[in-house]
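Novice: Using only what follows, build the 3D model:
(chains A, B, C and D)
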There are 2 protein chains.
Amino acid sequence: MLSERQRMILTAIVDDYIRSAEPVGSRSISKRGDVAFSPATIRNEMADLEELGLLEQPHTSAGRIPSIKGYRYYVDHLIRVGGIGEQDVRKIRGFLAEKMNMWEEVVSHTATILSQLTNYTSIVLGPETFNTTLKHFQLVPINETSAVAIIVTSTGHVEHKTVTLPEGVGMNDIQKIVNLLNDKLAGVAFVKVKSVLHAEVGKELSRIVDSCEHILQMLESTLADDQEPRIFLSGATNIMTQPEFKDVDKVKNILDMLEETPKLMQLFQAVPDGIQVRIGTENALEAINQCSLITANYSYEGQSLGTIGILGPTRMDYGKVISLLDYLSKDLALFMARRHK
Amino acid sequence: MLSERQRMILTAIVDDYIRSAEPVGSRSISKRGDVAFSPATIRNEMADLEELGLLEQPHTSAGRIPSIKGYRYYVDHLIRVGGIGEQDVRKIRGFLAEKMNMWEEVVSHTATILSQLTNYTSIVLGPETFNTTLKHFQLVPINETSAVAIIVTSTGHVEHKTVTLPEGVGMNDIQKIVNLLNDKLAGVAFVKVKSVLHAEVGKELSRIVDSCEHILQMLESTLADDQEPRIFLSGATNIMTQPEFKDVDKVKNILDMLEETPKLMQLFQAVPDGIQVRIGTENALEAINQCSLITANYSYEGQSLGTIGILGPTRMDYGKVISLLDYLSKDLALFMARRHK
DNA sequence: CGTTAGCACTCAGTTTGATCGAGTGCTAAT
DNA sequence: ATTAGCACTCGATCAAACTGAGTGCTAACG
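Specialist: Residues are numbered from 1 along each chain as shown, chains lettered A, B, ... in the order given. Purely as a prediction, here's the structure:
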């Protein structure tokens, strides 16, 4: 357990370091005013804090910087999550005032605004489709052998896919198939589509067309395939403004990671509800061992729809980012709720 | 007009510099073997080439590097566009063997493979829609006030958009509208959609629904709006492997530019047919004044469909990139032709 | 006993200066 | 016309010296 004075000093060091990106010395803390002790006293406390693993020294004659553990303590116990600034609120309001119908627009705008307000990189996962239902299905023939399959979900999300038609399927057949599917599948949750397809559609389909097997298979892969949510990135280059990322190689590792969808998915995998802070090596991926990732779910009626996140240096303005994510995730949830209805 | 010897020397310098990224001295050229003159002679020629503006010296006691004008001369007169390597061909073949139906997949894969084979950044513009025709139109209601409009083009491209429905439009009306539109607009080129909408659809529409004006307006914005081609980027971080881009600020400028769609469009605006090389300051954008951009159109029946491009340092392997772009743009045209049919 | 002033010590960062060597331009010889 | 030779230039590299922020320890202070 830390003493009140130790907590004050740790707070001061983290705050200062977040601002300046430079090791914080005892003198500069003493001069700040809010910790009214002499440098010597502060030095003693700092030595203790270092022994506890909360601070570290880049080298003997430098000031202290927070360790991962130090940031963790700061985030868990010391942080003051103030409301967000007026300017920020105004900017967000302005953005919400724009009339946007498609959730893609909303989500990508959210990503943009997040990265602009924080100067970090924002990553937003679009709503997952798995708990939505099918609203409408359509097959549009392109030529003799292929067609475009279009799926509209209850949330207004549209997926499309070009499929190859089995031979001997005519225009009439297609219309019948489409009608049948809309009849049977409309309102069915995506997770159940596969079983319904087998249980109810199969028999009826065999009455209509010959090459029933092929079509069923095609439909299955079309309808079941597309579970992965879309990823929106913004401000990927913002890390480069941070002094600790002056080195091109470090930056490249991170940006390469951001270009790879599967890695990003891994990063966001299984984030628990609410706001989650992962500092430095707490992240699973080596590439961002010097970064912190803060994520927040947005949900509807207890069901998590998607995630928004901010990636920045470990020396990140945690307070600001957390309050922003909190605000925007709720906003996003609100929007989705409106569409969900 | 350059002498044969000057041309040889210029070629040698450009080739060497492309390989090594270091100023090329007279000795090293003499030693290469293919220019069998003494360093002194070569030095004299180099001085002449510098006077002509084809070479420049970073500082007095350094070797020469090609100037923009030097690269230009090299590209226009000296370059040997060899065929592409066997390995590359094999890799492309392997990629073509994969069965891909959607053009989005093909185009994005093309971008990926281009960046992998060249280690530069590839930018691919998806086929423009303006010379395609409308194949199918659909309106799927989501709730009382909004619906998803879906457009399928003759090339199998799908666009969708959420629209707000005017009040008092019922399910029946929607079906009628959709039928009418498919009847009137199927097969109509996109450029003509707007006029057909006014000339033929307007009157008929007024017979069906009351709020004809609103709907017509909505349809117009939906159908006419979406002209801009999609952009596929790959290997954006590859510039960082180039020694001349060890500086984070330079890189940031370029990557920032790549994140901005309008800037990219500006870059690709009005590229003439065939293969186009823009070296350094020949590019319109300040951010890539130290880069070269090579672009190639892919077309079908004389009509340009889209563009593929490679962005790299001015010190780029022009020969390789040009032959690769040539090969792949033809491949892409072939694929599109198949889909077009 | 907690706090603080004083002081020797440490060490990264910067400056300075010397050295190195790749490469040039010029001149004179071939 | 070509080339060998040579003085010269100038960035790059390295070590030595210097600077100063910051520490840890000790002793004095209230």
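Novice: What's the local residue count around the residue in the stretch 51-200 of chain A that DNA strand C sits nearest to?
Specialist: Nearest residue of the stretch 51-200 of chain A to DNA strand C, counting by CB to the nearest atom of the strand: residue A:61, 2.7 Å away. In short, each C-beta sits where N, CA and C put it, glycine included. By the criterion of other CB atoms under 10 Å in any protein chain shown, residue A:61 has 8 neighbours.
Novice: Quick check: it vs residue A:67, distance?
Specialist: Distance of residue A:61 to residue A:67, given as CB to CB, to the nearest Å: 19 Å.
Novice: same deal with residue A:54?
Specialist: From residue A:54 to residue A:67 the distance is 6 Å (CB to CB).
Novice: try residue A:185
Specialist: In terms of CB to CB, residue A:185 sits 55 Å off from residue A:67.
Novice: go on, residue A:274?
Specialist: The value you get for residue A:274 to residue A:67, if CB to CB is used, is 25 Å.
Novice: Between those two, which is the more surrounded one?
Specialist: The residue with more neighbours, out of residue A:274 and residue A:67, is residue A:67; 19 against 11, by other CB under 10 Å.
Novice: Got the phi and psi for the residue lying closest to the more buried one once chain neighbours are set aside?
Specialist: Excluding the flanking residues, the one nearest residue A:67 by CB to CB, 6 or more residues apart in numbering or on different chains is residue A:56, at 4.7 Å. With angles defined as degrees, to the nearest 10, residue A:56 sits at phi -150, psi 160.
Novice: List the contacts of residue A:56.
Specialist: Counting by CB atoms under 8 Å, 6 or more residues apart in numbering or on different chains, residue A:56 touches A:50, A:64, A:65, A:66, A:67, A:70.
Novice: Derive a ChimeraX selection command for the buried subset of these.
Specialist: Of these, the buried ones go into a single ChimeraX selection, burial set by 16 or more other CB atoms under 10 Å in any protein chain shown:
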select /A:64,65,66,67,70
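Novice: need the contacts of residue A:56 in JSON lines with pLDDT, can you?
Specialist: JSON lines is the format used below for the contacts of residue A:56 (pLDDT from 0 to 100):
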{"residue": "A:50", "pLDDT": "96"}
{"residue": "A:64", "pLDDT": "97"}
{"residue": "A:65", "pLDDT": "97"}
{"residue": "A:66", "pLDDT": "98"}
{"residue": "A:67", "pLDDT": "97"}
{"residue": "A:70", "pLDDT": "97"}
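Novice: need the contact list for the closest residue to residue A:83 other than its chain neighbours.
Specialist: Using CB to CB, 6+ apart and skipping residues adjacent in sequence, the residue nearest residue A:83 is residue A:323, 6.3 Å away. Listed by CB under 8 Å, 6+ apart, the contact set of residue A:323 reads A:81, A:82, A:83, A:84.
Novice: distance of residue A:323 from residue A:74?
Specialist: According to CB to CB, residue A:323 stands 15 Å off from residue A:74.
Novice: I figured residue A:332 hits residue A:111, correct?
Specialist: No. With contact defined as CB atoms under 8 Å, residue A:332 does not reach residue A:111; the gap is 10.5 Å.
Novice: Spell out which residues are contacts of both of these two.
Specialist: Shared contacts of residue A:332 and residue A:111, counting by CB under 8 Å, 6+ apart, come down to residue A:308.
Novice: circling back to that earlier point, ok, of the contacts of residue A:323, which one's closest to DNA strand D?
Specialist: In terms of CB to the nearest atom of the strand, no member of the contacts of residue A:323 lies closer to DNA strand D than residue A:82, at 27.1 Å.
Novice: Around residue A:128, how many other residues sit close by?
Specialist: Neighbours of residue A:128 (other CB under 10 Å): 17.
Novice: Reduced to three states, what does it come out as?
Specialist: Here residue A:128 is recorded as coil under DSSP: H, G, I helix; E, B strand; the rest coil.
Novice: List the residues that contact it.
Specialist: The contact partners of residue A:128, by CB under 8 Å, 6+ apart, come to A:227, A:229, A:304, A:305, A:306.
Novice: Okay, residue A:318 and DNA strand C: tell me how far apart.
Specialist: For residue A:318, the distance to DNA strand C equals 25 Å [CB to the nearest atom of the strand, to the nearest Å].
Novice: Who are the contact partners of that residue?
Specialist: Residue A:318 makes contact with A:18, A:71, A:74, A:75, A:79, A:277, A:292, A:294, according to CB under 8 Å, 6+ apart.
Novice: didn't residue A:132 look like it was pressed against residue A:187?
Specialist: No. Counting by CB under 8 Å, residue A:132 does not reach residue A:187; the two are 10.7 Å apart.
Novice: Looking at the two, which is more packed in?
Specialist: Neighbour count, other CB under 10 Å: between residue A:132 and residue A:187, residue A:132 has more, with 19 against 9.
Novice: Not counting its neighbours along the chain, what's nearest that one?
Specialist: Here the residue nearest residue A:132, using CB to CB, 6+ apart, is residue A:153, at 4.4 Å.
Novice: Tally up the residues packed near the one you found, please.
Specialist: The burial count for residue A:153: 19, using other CB under 10 Å.
Novice: what residues are up against it?
Specialist: Contacts for residue A:153 were tallied using CB under 8 Å, 6+ apart; they are A:129, A:132, A:133, A:134, A:135, A:159, A:190.
Novice: Could you work out the most separated pair of the residues you listed?
Specialist: Maximum pairwise distance in the contacts of residue A:153, criterion CB to CB, is 13.5 Å, between A:133 and A:159.
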